[in-house]
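> Build me a model:
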Amino acid sequence: MTALSVNLNKIALLRNSRGRDYPNVIEYGNKLIDLGVHGLTVHPRQDERHATRKDTRELAELCRLYQTVEFNVEGYPSPQFMQLISETEPDQCTLVPDAPDQLTSDHGWDLNIHFDWICALANELKQLGVRSSLFIDPDLEQIKLASKAGVDRIELYTEAYASAYASGGEYKNTLGQYAVAAKFAQSMGLGVNAGHDLDLQNLSDFLTIDDVLEVSIGHALTVESLDLGVAKVIEKYLAICAV
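Predicted coordinates for the structure are as follows:
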């Protein structure tokens, strides 16, 4: 089974757009837990345009109430971000190479440049008792370096797969590249997560890849919930992930 972690950033964005606490991110997270999701994710960016540091602290407290629900905090490892991780001690921290003004995540780490820094961050997270995950492209050289850096998992950046799937053309070759990358990572002792633009249409085929431990889905799930209702959407995702 693959764990479904729901990214709450778009719920936070909707709240922030009106300047009041509606929808309430914590209440929505609790609703998702009641519907059976396996985890909650936030990406508190430096400008707090989506999830805030306050959201992160409160969601950490919420997830601690449930033994079977993991809390994943992803983001660029600035000193401020790492301090937040130290304060909240989530189950997992996913390191993402986002610039402060970046619209959304659009590439994985280049460990030829950042290797020493990632090594230090992986060690820091280990000392905190927080599982480390690294946002990365399906590149075998980068995955090998991730293993040497000491992280626990990688999160495969799946936009290339999602774009190939959406084009209506041949996406199996792209899927095959991800399958090779996942198998290689597992052979190096890394756990494999995945995320970015996965949705109800393309997720089933992606999860033909063996032993994907977690998928993190937010934007598509939120949009699909507008069409179908959140309870129905969560039911569909959980059914896919249970296979």
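> Near the closest residue to residue 171 other than its chain neighbours, how many other residues are there?
Distances taken as C-beta to C-beta, 6 or more residues apart in numbering place residue 164 nearest to residue 171, at 3.8 Å, with adjacent residues excluded. Heads up, the C-betas are built off the backbone N, CA and C, glycines and all. When neighbours are counted by other C-beta atoms under 10 Å, residue 164 registers 18.
> isn't there a helix covering residue 164?
Yes: Residue 164: assigned to a helix according to DSSP: H, G, I helix; E, B strand; the rest coil.
> Tell me the pLDDT of it.
pLDDT, residue 164: 96.
> That one contacts residue 174, doesn't it?
Yes: between residue 164 and residue 174 there is a contact under C-beta atoms under 8 Å: 4.1 Å.
> Name the residues of stretch 209-218 that are buried.
Buried residues in stretch 209-218, counted by 16 or more other C-beta atoms under 10 Å: 209, 212, 214-218.
> Tabulate the residues you listed (JSON lines), appending distance to residue 53, secondary structure and pLDDT.
Shown next, in JSON lines, are those (distance: C-beta to C-beta, whole Å; DSSP: H, G, I helix; E, B strand; the rest coil; pLDDT from 0 to 100):
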{"residue": "209", "distance to residue 53": "34", "secondary structure": "coil", "pLDDT": "98"}
{"residue": "212", "distance to residue 53": "30", "secondary structure": "coil", "pLDDT": "98"}
{"residue": "214", "distance to residue 53": "23", "secondary structure": "strand", "pLDDT": "98"}
{"residue": "215", "distance to residue 53": "25", "secondary structure": "strand", "pLDDT": "98"}
{"residue": "216", "distance to residue 53": "19", "secondary structure": "strand", "pLDDT": "97"}
{"residue": "217", "distance to residue 53": "23", "secondary structure": "strand", "pLDDT": "98"}
{"residue": "218", "distance to residue 53": "18", "secondary structure": "coil", "pLDDT": "96"}
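> check contacts around the spatially most central residue of the chain.
Taking C-alpha atoms, centre = their mean, the centroid of the chain lies closest to residue 216, which sits 4.0 Å from it. Neighbouring residues of residue 216 by C-beta atoms under 8 Å, 6 or more residues apart in numbering: 5-7, 39, 41, 72, 74, 94, 155, 193-195.
> Can you tell me the closest non-neighbouring residue to it?
residue 195 (3.9 Å).
> The one you found: what's it in contact with?
Taking C-beta under 8 Å, 6+ apart, we find residue 195 in contact with 7, 155-158, 215-217.
> what comes up buried for the helix ranked longest in the chain?
Identified as the longest helix of the chain according to DSSP state H is helix 111-128. Within helix 111-128, the residues scored as buried using 16+ other C-beta under 10 Å are 111, 114, 118-119, 121-122, 124-125, 128.
> same thing with stretch 139-148?
Going by 16+ other C-beta under 10 Å, stretch 139-148 has these buried residues: 139, 142-143, 145-147.
> Then stretch 229-243?
For stretch 229-243, a neighbour-count test (16+ other C-beta under 10 Å) marks 230, 233-234, 237-238, 240-241 as buried.
> What is the nearest of the residues you listed to residue 202?
residue 240 (10.2 Å; C-beta to C-beta).
> where does that closest one land on pLDDT?
For residue 240, the predicted pLDDT is 97.
> so where's this protein shaky on pLDDT?
Applying pLDDT under 70 to the chain flags residues 100-106.
> show me where it has helices.
Under DSSP H, the chain gives helices at 9-16, 25-34, 53-64, 79-88, 111-128, 140-149, 159-166, 172-187, 203-206, 219-228, 230-241.
> OK, contacts around residue 2?
207, 212-215, 241.
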